[in-house]
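Engineer: What follows is a predicted structure for the sequence shown.
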Amino acid sequence: MFDIGFFEICLIGVIALLLIGPEKLPRAARTAGLLLGKARGMVKNVKYEIDEQIRAEELKESLAQAKETLQNEVSESFEDVETSFENLRDEVQDKPKADSDELNIETSEANNKAETPPQKTT
């Protein structure tokens, strides 16, 4: 974490021994160790929370992309169904008209045959 060599640690120990004294030095070292442990724990918690926030944001982005993709696919499918329905409706509307035209032609032919007297062949 810190780039401290052996010489720096010895120098800090000598200064602490001179400032605090030999009687209070073990208690001070213990307290410093506890504080350092708490500081590491707090840093670890902050790092964990940041990672959780990043994962949550990534999940939201993935969800938004999936939603957009799904909406596009559904709208395309709806348009395909709508087009098929329109084509089917046009065919159904045109079919009776065509059948009616054929029926009118057959009826008029039948009427023409009925009006003309049969011809005798000799």
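Structural biologist: Received the coordinates, thanks.
Engineer: Give me the secondary structure label for Ile4.
Structural biologist: Secondary structure state of Ile4, per DSSP: H, G, I helix; E, B strand; the rest coil, is coil.
Engineer: and it, how many residues sit next to it?
Structural biologist: By other Cβ atoms under 10 Å, the residues close to Ile4 number 10. All C-beta spots, glycine's among them, are computed from the backbone N, C-alpha and C.
Engineer: what do you get for Ala28?
Structural biologist: Applying other Cβ under 10 Å, we find 14 residues neighbouring Ala28.
Engineer: cool, Lys44 as well?
Structural biologist: So Lys44, with other Cβ under 10 Å, has 10 neighbours.
Engineer: Okay, and it sits in which element?
Structural biologist: Per DSSP states H and E, Lys44 falls inside helix 25-115.
Engineer: helices or strands up against that helix?
Structural biologist: helix 6-20 (3 or more Cβ pairs under 8 Å, 6 or more residues apart in numbering; DSSP states H and E).
Engineer: Between helix 25-115 and the helix it packs on, find me the angle.
Structural biologist: If you take axes from the mean of the first three to the mean of the last three Cα atoms, to 10 degrees, helix 6-20 sits at 120 degrees to helix 25-115.
Engineer: from now on call the first residue 331
Structural biologist: From this message on, residue numbering opens at 331, which makes the last subject helix 336-350.
Engineer: Which secondary structure elements does helix 336-350 sit against?
Structural biologist: Helix 336-350 packs on helix 355-445, going by 3+ Cβ pairs under 8 Å, 6+ apart.
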